[in-house]
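> A predicted structure for the sequence below; I have some questions about it.
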Amino acid sequence: MPPTAQLQAFFANHTLLVLGLVGVTIALIANELSRFTRGYRAIGPARLTELINRDNVLVVDVSASGDFEKGHVIGSRSVTMSQFDPENKDLAKVRELPVALVCRNGTTSATAAKRLVKAGFKTVYWLDGGVSAWQSADLPLARGKS
């Protein structure tokens, strides 16, 4: 049996498997394309450290106040999500600066990143894994209000 006939027989016998593979492939491609077009990027602790040291990135922690006081990236500013407003005059002043958003686990900061991009911020990052990832990388945390 020639290889093309074998392939056709496989497709005929395993239609659901083939359709599942095609579906997963399309979903992966769509996900990767959306990552490039959404206007903000997920970064890890090492990249955030580089941005803080080299690019003077503004680090905004959108965690709850209690979580911020337990531990936050040194030099970050606390703005809880209930107070987070990309149109705020203080944030509007830094619209051209790179901004990195941080939260406890990375979920809330990704939502805040979307809002900043919609408000016209040019360079927006969010810490994938949040402060938990920062701690796992053995990087220092500040404690208390600052």
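Looks like it arrived, so ask away. Residues are numbered from 1 along each chain as shown.

> Now tell me which helix or strand of the protein has the poorest mean pLDDT.
Within the chain, confidence by mean pLDDT, DSSP states H and E is lowest for helix 89-92 among all helices and strands, at a mean of 75.

> ok, which stretches of the protein are strands?
Shown for the chain, the strands assigned by DSSP state E span residues 40-43, 58-61, 72-73, 77-78, 99-102, 124-127, 141-142.

> Quick one: closest of the ones you listed to Gln135.
Nearest of the strands of the chain to Gln135, taken as C-beta to C-beta: strand 141-142 at 6.6 Å. Just so you know, the C-beta spots here come from the backbone N, C-alpha and C atoms, and that holds for glycine as well.

> Packing partners of that closest one?
With contacts taken as 3 or more C-beta pairs under 8 Å, 6 or more residues apart in numbering; DSSP states H and E, strand 141-142 sits against strand 72-73, helix 130-136.

> taking these together, which one is wrapped up most tightly?
Ranked by mean neighbour count, the helices and strands packed on strand 141-142 are led by strand 72-73 with a mean of 24 (mean count of other C-beta atoms under 10 Å).

> Pull up the pairing partners for that one, direction included.
strand 141-142 (antiparallel) (DSSP bridges).

> now the partner strand: mean pLDDT?
Strand 141-142 shows a mean pLDDT of 92.

> Show me what the residue sitting nearest the centre point of the chain bridges to in the sheet.
The residue lying closest to the centre of the chain (C-alpha atoms, centre = their mean) is Ala42, at 3.4 Å. Per DSSP bridges, the residues bridged to Ala42 are Trp126.

> Please consider this matter closed, and thank you.
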